[in-house]
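Student: Give me the fold of what follows.
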Amino acid sequence: MEKRRVVITGMGSVNPLGHNITETWQAVKNGVCGIAPITQYDSAMQKVHLAAEVKDWDPTSVLDKKEVRHMSRYAQLAMASAKEAVADSGLDLERLDRTRCGVIVSSGVGGISGTEQEQTRCMEKGFDRASPFYIPSTIANMGAGLIAIAFGFQGMCTCPVTACAGGSNAVGDAFRHIRDGYAEVMLCGGAEAAITPLSIGGFTSMRALHVGDDPDRASIPFDAERSGFVMGEGAGILLLEEYEHAKARGAKVYAEVLGYGATCDAYHMTAPAPNGEGGARAMALALADGGVAPEQVGYINAHGTSTPLNDSGETAAIKTVFGDHAYKLAVSSTKSMTGHMLGAAGAVEAIFSALTLHDGYLPATIHYQVADPACDLDYVPNQGRAAQVEYVLSNSLGFGGHNACVLFKKWEG
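Tutor: The predicted structure follows:
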């Protein structure tokens with residue numbers, strides 16, 4: 001059976017750089033850093049004081065007040081982003097066969113802030129006094145479920161929970177679901193809101209987070225002085241559509257989704273396999289899936305977390321897959337601006353990858369200063385640049401050894 005083509009016709013995002021796609025992409029072009037002191041709680045007694053928060057955002061500006069009351073912050077971010085993506089796509093919901101429309105939205109830890117708050121309250125009042133909304137509002141799949149309910153999408157609805165790879169898994173799984181004939185329309189992506197005392201404390205104890213107080217030297221992927229990632233929050237939702245379905249309604253297209261690779265290191269709970277072996281296989285699988293030669297790729301939106309092991313391992317993986325061409329393509333980490341949004345990261349970075357192709361602009365790795373011999377590629381340091389590229393890869397590598405890579409193609413219309 002001939003594989004069906006899959007295109008991106010709508011996108012939405014609320015993240016540390018903006019409350020919508022237009023604001024966000026302009027901030028990326030301007031090299032804005034979304035990292036600042038934590039305001040969501042008092043972090044004075046903890047080692048980590050910086051995060052990439054969604055700033056000055058009122059969920060009731062886009063969502064119903066009654067609904068917001070019983071939704072975790074991650075689900076609010078997911079719903080707002082989905083609403084923007086559907087509006088952006090121009091879909092006429094009344095003309096859809098909604099049994100052929102689905103949702104795949106990831107979250108790493110779901111409504112963890114609700115869990116922390118409820119635990120504290122129940123320690124005082126008794127656990128049988130827990131809120132009846134506690135479970136449904138905090139489980140990681142509820143973002144996907146609420147989106148399906150809001151738009152009446154009755155096809156497959158699921159939530160990949162694969163840590164930092166989840167957003168990319170969601171996009172890749174949705175792509176395959178359409179390509180292989182199971183749906184015409186899929187809303188996909190990820191959402192996360194884990195800037196909480198317990199989340200920050202847990203990652204701090206693992207020595208995964210940067211503990212300094214200078215936002216300009218906090219999330220510095222591929223820099224020799226990198227010392228850990230910065231927690232971010234947000235959501236990114238893409239509307240994927242079967243090409244003929246999109247064409248029939250005259251939809252605008254941002255980019256084509258062409259390939260997907262997913263692997264597991266099967267090596268360690270948190271450390272990547274030596275030389276990024278699992279990530280290399282994911283990239284190679286995505287290229288093979290899309291029928292694209294390594295030398296055709298012009299840009300990689302790297303996982304690039306600003307941790308010592310990840311950045312050197314991902315660089316080695318790129319060299320393994322691309323050989324000499326690794327030194328000719330551009331590689332950047334937008335986490336230098338957004339921080340690390342965990343289960344939402346791959347989704348927001350998929351949006352950036354599509355806009356890279358659509359606008360002919362390569363995002364920078366901002367605040368890059370000190371070269372590392374183990375990281376010696378073109379990381380688009382400090383200043384983004386105009387460049388026409390035909391193929392872009394987006395990498396996501398998660399705890400548990402999860403690796404996901406999505407391949408995008410410039411849309412020629």
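Student: Quick one: residues contacting residue 59.
Tutor: 68, 71, 73, 76, 77, 80 (C-beta atoms under 8 Å, 6 or more residues apart in numbering). C-beta here means a position set from N, CA and C on the backbone, and glycine is covered the same way.
Student: Not counting its neighbours along the chain, what's nearest residue 97?
Tutor: Once flanking residues are discounted, residue 97 sits nearest to residue 184: 7.3 Å by C-beta to C-beta, 6 or more residues apart in numbering.
Student: Now residue 378: closest residue in space, sequence neighbours ignored.
Tutor: Nearest non-adjacent residue to residue 378 (C-beta to C-beta, 6+ apart): residue 330, at 5.2 Å.
Student: swap in residue 210?
Tutor: Spatial nearest neighbour of residue 210, excluding adjacent residues (C-beta to C-beta, 6+ apart): residue 228 at 4.1 Å.
Student: dump the residue contacts of that neighbour.
Tutor: 207, 208, 209, 210, 211, 306, 307.
Student: picking up where we left off before, please tell me how far the residue nearest to residue 97 sits from residue 240.
Tutor: 9 Å (C-beta to C-beta, to the nearest Å).
Student: Between those two, tell me which one has more neighbours.
Tutor: Between residue 184 and residue 240, counting by other C-beta atoms under 10 Å, residue 240 is the more crowded of the two (29 against 22).
Student: Pairing partners for the helix or strand where the more buried one lies, with directions?
Tutor: Assigned by DSSP states H and E, residue 240 belongs to strand 234-242. Sheet pairing here is set by DSSP bridges, and for strand 234-242 it gives strand 6-14 (antiparallel), strand 185-192 (antiparallel).
Student: Could you look up the next helix or strand downstream of the longest one?
Tutor: Following the chain from strand 6-14 toward its C-terminal end, the next helix or strand by DSSP H and E is helix 21-29.
Student: And the next helix or strand past that next one?
Tutor: Next in sequence after helix 21-29, counting helices and strands by DSSP H and E, comes strand 36-37.
Student: Residues touching that next one, excluding its own?
Tutor: With C-beta under 8 Å, 6+ apart, strand 36-37 has contacts from 43, 49, 50, 51, 52, 53, 55, 213, 215.
Student: Would you mind confirming that the last one makes contact with residue 33?
Tutor: Which is residue 215. Yes: Residue 215 lies in contact with residue 33 (C-beta atoms under 8 Å); the separation is 5.8 Å.
Student: Outline the domain layout of the protein.
Tutor: 6-248, 262-403 (automatic domain parsing).
Student: Next, format these as TSV and append mean pLDDT and distance to residue 255.
Tutor: TSV is the format used below for the domains of the chain (pLDDT from 0 to 100; distance: least, C-beta to C-beta, whole Å):
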stretch	mean pLDDT	distance to residue 255
domain 6-248	97	5
domain 262-403	97	4
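Student: In TSV: the ones you listed, plus distance to residue 410.
Tutor: Listed next are the domains of the chain as TSV, based on distance: least, C-beta to C-beta, whole Å:
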stretch	distance to residue 410
domain 6-248	12
domain 262-403	4
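Student: Out of the ones you listed, which gets nearest to residue 413?
Tutor: domain 6-248 (10.1 Å; C-beta to C-beta).
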